[in-house]
Structures are given as structure tokens and as C-alpha cells.
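> Pasting the sequence and the predicted coordinates here, then a few questions.
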Amino acid sequence: MSKEQTTVPDIFRRAQVLWRENPEMSLKDLRARLLSEYKGAPMPPLHLLAIPEQDARAPQEDWSAGLSLVRRGIQTEDWREIISGILLSLEQTIRYERERGHTGTADEWHDRSVGIRGVTEKGVGKWMPEELMKLAEKSAKK
């Protein structure tokens, strides 16, 4: 891996790519592969821990499971801990999808629009000008 600084989301995405290429790879082998790729690279910045696109795949408590390990690894400059935390988050996300499907598809509890859908529709219908409403409906159909 190059010596330029990567972020936690970059490493997470790389782990996803490697796992997708070889879904039978054990976490131990994936961990070893990532460690060899990032050995000697600068530590990722501490202020960029979140992996925002994972919020659409699994509840935050699943995809963020390993971020405390990542944070501690960055602070102690320990790549093993950083990679372990990223793989914990990846494993939790994949396990959630296997067991329940994507967020909001399996049950109403994880559907983020439950409880606000009616209020949102009422507010939009009340305050959005009719021409904007028609434009939005037209765009949604495309």
C-alpha cells in the first residue's frame, strides 16, 4: 500500500472489496492481508471514524461495533487493533444483512420512516407549493 494517509472508511471499503472477492476468506486471513497492505502507512486521522454509507446497510449499533477499537488503535498507533475493529464492524454488518436483510426491509422497528412518515407527508403537503409538489412527483416517477 502506498504511504499516503488513508481514512477508516477507506480501510473499511478495502476490507469489503477483499471479502466480496473471496467470501470464503476467514477473518484471520483478511486481517493478515489488510495488515500487510497497511504496514508502515501513516495512521488514519482520528476525526474521520464514521462510515456513513453503512448506516443504510445495518443499524448503527452493528456497523459501529468496532469503532472504539479503531479509536484506541489510532491513539496507540497499533494497526492490529485498527484492523480488528474495522473487521468487527464489517462482520457485524454482514451478519445483520444475512440474518435480517437490509435495514428497513425485515421489520418495522428498523425502518427509520416509521412514526414520521405521516407527519412528514402532512407537513410537505401543507407547506410545499403545488408546483414544487408536482415537480417532485414527476422527478420521483423517473
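Received, thanks.
> If you count neighbours, what's buried in the helix or strand where residue 122 lies?
Under the criterion of DSSP states H and E, residue 122 resides in helix 117-127. Neighbour-count burial for helix 117-127 flags no residue at all (criterion: 16 or more other Cβ atoms under 10 Å). Yep, even glycine has a C-beta here, placed from its N, CA and C like the rest.
> With just CA atoms, put that helix into PDB.
C-alpha atoms of helix 117-127 as PDB (Å, rounded to 0.1, in the frame of the first residue of the first chain):
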ATOM      1  CA  ARG A 117     -43.900   9.200   7.600                       C
ATOM      2  CA  GLY A 118     -47.400  10.600   8.200                       C
ATOM      3  CA  VAL A 119     -46.200  13.700   9.800                       C
ATOM      4  CA  THR A 120     -43.700  14.300   7.000                       C
ATOM      5  CA  GLU A 121     -46.300  13.800   4.300                       C
ATOM      6  CA  LYS A 122     -48.700  16.200   6.100                       C
ATOM      7  CA  GLY A 123     -46.000  18.800   6.500                       C
ATOM      8  CA  VAL A 124     -44.900  18.600   2.900                       C
ATOM      9  CA  GLY A 125     -48.500  18.700   1.700                       C
ATOM     10  CA  LYS A 126     -49.300  21.700   3.800                       C
ATOM     11  CA  TRP A 127     -46.200  23.800   3.200                       C
END
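> Which is the succeeding secondary structure element to that helix?
Using DSSP H and E, the helix or strand that follows helix 117-127 in sequence is helix 130-141.
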